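J.: Provided below for reference: sequence and predicted model.
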Amino acid sequence: THTPTCVHSLNLKKTRDICCGNDHTAILTKQWAVFTFGSGQYGQLGHNSFRNELHPRLVAELWGAKVMKIACGRNHTLVLTEGYKVYSFGCGAQGQLGNREESNPSVPLPVLLPRVSDSVDPKIGTIFAGENCSFATCSFDEDVNRNLDANKFSNATQHGLEVMVDNWTSKCDDKLWKKIKQEIRRTFSSAACLNKSFLEQSRDKHFQTSSKCHGLNLKLARQHFKKLVKTEFVWDQVEAAVLHLLPLLDKNPVGVESLRIFLLLNELLHIIQKYRKQQSSKLAEMVAAAVTSLSRKSLEVLGEWWSSLSPSSMGRFVSVWKQALSVILSKENVPRSYGVRNLLQVLQYMYNVNSRVSESQRLPESDFYVLINQNFLCEELEIWRLKSKRRYVCSEPLVLCSFPIVMDLQAKKLVFDMNTFITMEEFTLGVLEQIIMGAFLDLGLHYPNAPVFQLSVNRASVLKDTFKQLAAADQRDYKRELQVFFDNNYEIDPVYVKDFFHEVFHELMSAESEMFMFNDSKTLAWFSSKASQEDQRFYLFGVLCGLALYNQVIIYLPFPLVLFKKLLGWSPILDDLKEFSPSVGKSLQCILDEYTDEDLEDIYFSIPWDATEVVLDPENPEKQVTSENKKEFVDAFVNHAFNASVKSVFEEFKQGFFQVCDRDLVRLFTPKELQEILVGKDFHDWEKLKQNTVYKGGYSVDHPIVQTFWEVFDELTENQKKTFLWFVTGFERVPILGLDKITMKIEVKHVQDLSHDQYYPATHTCTSTLELPLYSTKEIMQTKLTEALSNKRISQCL
């Protein structure tokens, strides 16, 4: 080969020394073993043969001898053992083997060294092999040689940065500083020098370096980097050298050891951000550029190393890129440069790795959020809108739709809602333009379509009327502002929209609609496998869900998380089946974890689903589940439940949903975020509601009627409290971004005849106001409130 290639068979052999001859190579490991490979023409491999070896092979004749040193000549090999014995093998035509013969032994033979006197043997310090000759340094001082060898071999790997930093950061004169500057530049301009620094020496961990193990002592690296960064004159030289090195790094290095530098640079950036006040993003951007230019294979190794880090170390690595981006993206004028995009890409790599580690080790998604200037988000949205309309734009959105991981839920919702507002405004402006143009051209009276999307329904047939009008509407009108009228009452009030979605979704999700199947506990719904593709209701169901999201209304949608996963293109997994049917999910998990072939004896690729027996492998209906194919069985079960059995109706639902909402902007959200925005979160913090309540019209927190009300409220059941929340605020569940902002106003209900005990409480849902009559007793208040809740007789003063 003409390029360096990793010798994988030596990866875990703890190689300590390498020597090469003309056509052969010798390897010495930490366990004193010798491996040779290459040409064996002259016996120089020591395997008692003259064959060539294409792979490293242990020299068996030396097994058990503690070999301390190896040397290769052109066609011969020397070894030095701990007992100061020298062995040689290979070509001896010029006497280079030292055995006084011109033979070519193919096994190691001892070299008989001359004795100076009868009582003293020479102690060999080290050995050298020339082209056709051999050398050995000798001493007669045993202690000196033993100390020399011990130091030489124990420090074989101690040539990295750790032995230099203290010298660099200590005081020195100008002459010595000039030499140190050269040493710093030479060291930090060499990837090889950095890659062999800060190795984990305990238990020889650095010898175990592989795609799963980096072999570095990162704590030691941070300690020394801290000294470098805090010494100004040294740091200037280090930074210049690293900036010079980065563009020269190999994009596809041969050995995984060459990737250690990227972990070390991450630690260096962390120390810079922690200890240097004035920071430039230049170094971080160049490191990011080097990471993103790596080959796919190298990135996979780097990802494995990241995933092996402890949560604290992973968090430290993530914070480096997050902090660099926060400084840039919080500016008024954010540069749309490749440097910023590379920083985002590295953070995305780390996010992807983090999402694959076990949940106990995983960082929360909030650790990847970056503070982003709102004006920048507006610019991003403007660019995206122009691109979606196929207008020419000189730049692409930097974050939007490409790196939503850096956006928190508030930023994502802001962008989505801004787009909705702008779209609605465009419809309004379009109508005004038509009116003005008609008047200018003197076309007479001209009544263009209203800038809103109107639904007029009867409460008694709300779902039927809704489906009928949605089906008849122009699909482009779905993106207009929604107005709803009930029972031919054409008074305009946004409260009607909340009321509409509440009623239509409760009827839609009832068993009477016969659109869905339900789990055993009747708490979650899913698409029925018996539904027909021709049933337009599933498309319109998707439209209704899209309209709710588009108009910022929380709806009653008791579906599992997998619904939102599939909307975003995520694949269902066993955990999704566990959520929908815990008993079935638990059984399948037991099959995976515990069942043997004996336990699986009577289980076949046939399952009960939606009151129907389903064969998962039609081509082999008698196929039995075994320990070899049980994962295939579980995957097929999950696939049938959430994909195969509902493919056509889900596609109808999905098409309807994205007819209203822009797919790119919906994909800003994670499945959990999308679910919580559309469905809200359960509210149970009733003490918080008390604390956030304000009083008007003569009421105060100490007023007897108010105190009586809270006594009555505390005695309500949990379901009654939720019903009360709906009548006061217009929603049963609270907005995910408004958990801390749930408020209520209580004021006196004014009645003309002063007979307060005859009236029910009244609410203004648009302002979350409760009008409470001045009841004469607690019992009367309790009766009126509970009757109103059970009979829905609280009058909503609109």
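T.: Alright, I've got the coordinates.
J.: Find me the pLDDT at the residue sitting nearest the centre point of the chain, would you?
T.: Ranked by distance to the mean C-alpha position of the chain (CA atoms, centre = their mean), the top residue is Y351 at 2.8 Å. Each residue has a pLDDT score; the one for Y351 is 96.
J.: That one looks like it's in a helix, true?
T.: Yes: assignment of Y351 by DSSP: H, G, I helix; E, B strand; the rest coil places it within a helix.
J.: quick one: secondary structure of the residue nearest to K479 when sequence neighbours are not counted?
T.: Nearest non-adjacent residue to K479, counting by CB to CB, 6 or more residues apart in numbering: T423, 5.2 Å away. Quick note: C-beta positions are derived from backbone N, CA and C, even for glycine. Using three-state DSSP, the secondary structure recorded for T423 is helix.
J.: Run a quick neighbour tally on T423.
T.: Other residues within reach of T423, judged by other CB atoms under 10 Å, total 15.
J.: any idea how far R476 is from it?
T.: Distance, T423 to R476, by CB to CB, to the nearest Å: 11 Å.
J.: what does M781 give?
T.: In this structure, M781 and R476 are separated by 51 Å, where distance is defined by CB to CB.
J.: same thing with E365?
T.: Using CB to CB, we find E365 at a distance of 35 Å from R476.
J.: Which one of these two is surrounded by more residues?
T.: Relative neighbour count places E365 above the other of E365 and R476, with 16 against 10, counting by other CB under 10 Å.
J.: wait, what's in contact with the more buried one?
T.: Contacts of E365 were listed using CB atoms under 8 Å, 6 or more residues apart in numbering, and they are 405, 670.
J.: Let me know the pLDDT of it.
T.: Each residue has a pLDDT score; the one for E365 is 93.
J.: contacting residues around M418?
T.: Residues counted as contacts of M418 (CB under 8 Å, 6+ apart) are 377-378, 381.
J.: and the next element down the chain from the helix or strand hosting it?
T.: Using DSSP states H and E, M418 falls within helix 409-440. Using DSSP H and E, the helix or strand that follows helix 409-440 towards the C-terminus is strand 452-457.
J.: CA atoms only: put that next one into PDB for me.
T.: Coordinates of each C-alpha in strand 452-457 appear next as PDB, following Å, rounded to 0.1, in the frame of the first residue of the first chain:
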ATOM      1  CA  VAL A 452     -61.200  35.300   7.800                       C
ATOM      2  CA  PHE A 453     -62.200  31.600   7.600                       C
ATOM      3  CA  GLN A 454     -65.700  31.400   9.000                       C
ATOM      4  CA  LEU A 455     -67.600  28.400  10.400                       C
ATOM      5  CA  SER A 456     -71.200  28.600  11.300                       C
ATOM      6  CA  VAL A 457     -72.400  25.500  13.300                       C
END
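J.: what helices or strands is it leaning on?
T.: Counting contacts by 3 or more CB pairs under 8 Å, 6 or more residues apart in numbering; DSSP states H and E, strand 452-457 packs against helix 462-472, strand 481-486.
J.: And these: which comes nearest L577?
T.: Put simply, out of the helices and strands packed on strand 452-457 the one that sits nearest L577 is helix 462-472, at 29.3 Å, with distance taken as CB to CB.
J.: contacting residues for E613?
T.: Neighbour list for E613: 606-607 [criterion: CB under 8 Å, 6+ apart].
J.: Quick one: classify it as helix, strand or coil.
T.: State at E613, reduced to three classes by three-state DSSP: strand.
J.: Can you read off the pLDDT for it?
T.: With respect to pLDDT, E613 scores 93.
J.: so where is the stretch 151-300 of the chain shaky, pLDDT-wise?
T.: For the stretch 151-300 of the chain, the stretches with pLDDT under 70 are 151-160.
J.: give me that answer again for 50
T.: Applying pLDDT under 50 to the stretch 151-300 of the chain picks out residues 151-158.
J.: For it, just list every one of the helices.
T.: 165-169, 174-188, 191-195, 218-230, 232-245, 260-275, 282-292, 296-307 (DSSP state H, counting those that start in this stretch).
J.: what does the last one rub up against?
T.: Residues outside helix 296-307 that contact it (CB under 8 Å, 6+ apart) are 211-214, 251-253, 256, 259, 262-263, 291, 294, 314, 317, 349-350, 352-354, 356-357.
J.: Emit the PyMOL select command for whichever of those are buried.
T.: Typed into PyMOL, the line below selects the buried ones among those, using 16 or more other CB atoms under 10 Å:
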select buried, resi 211+213+214+253+256+259+262+263+291+294+314+317+349+350+353+354+357
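J.: count of neighbours near the residue nearest to Y604 when sequence neighbours are not counted?
T.: Taking CB to CB, 6+ apart as the measure, Y604 lies nearest to Q624, with 5.5 Å between them; neighbours along the chain are not counted. When counting by other CB under 10 Å, one arrives at 14 neighbours for Q624.
J.: Hmm, Q624 is touching L616, no?
T.: No: proximity of Q624 to L616 does not meet the contact threshold set by CB atoms under 8 Å, at 11.9 Å.
J.: so what sits against both of those two?
T.: Taking CB under 8 Å, 6+ apart as the criterion, Q624 and L616 both touch F605.
J.: Next one: the residue nearest to Y604, what pLDDT does it get?
T.: According to the prediction, Q624 has pLDDT 93.
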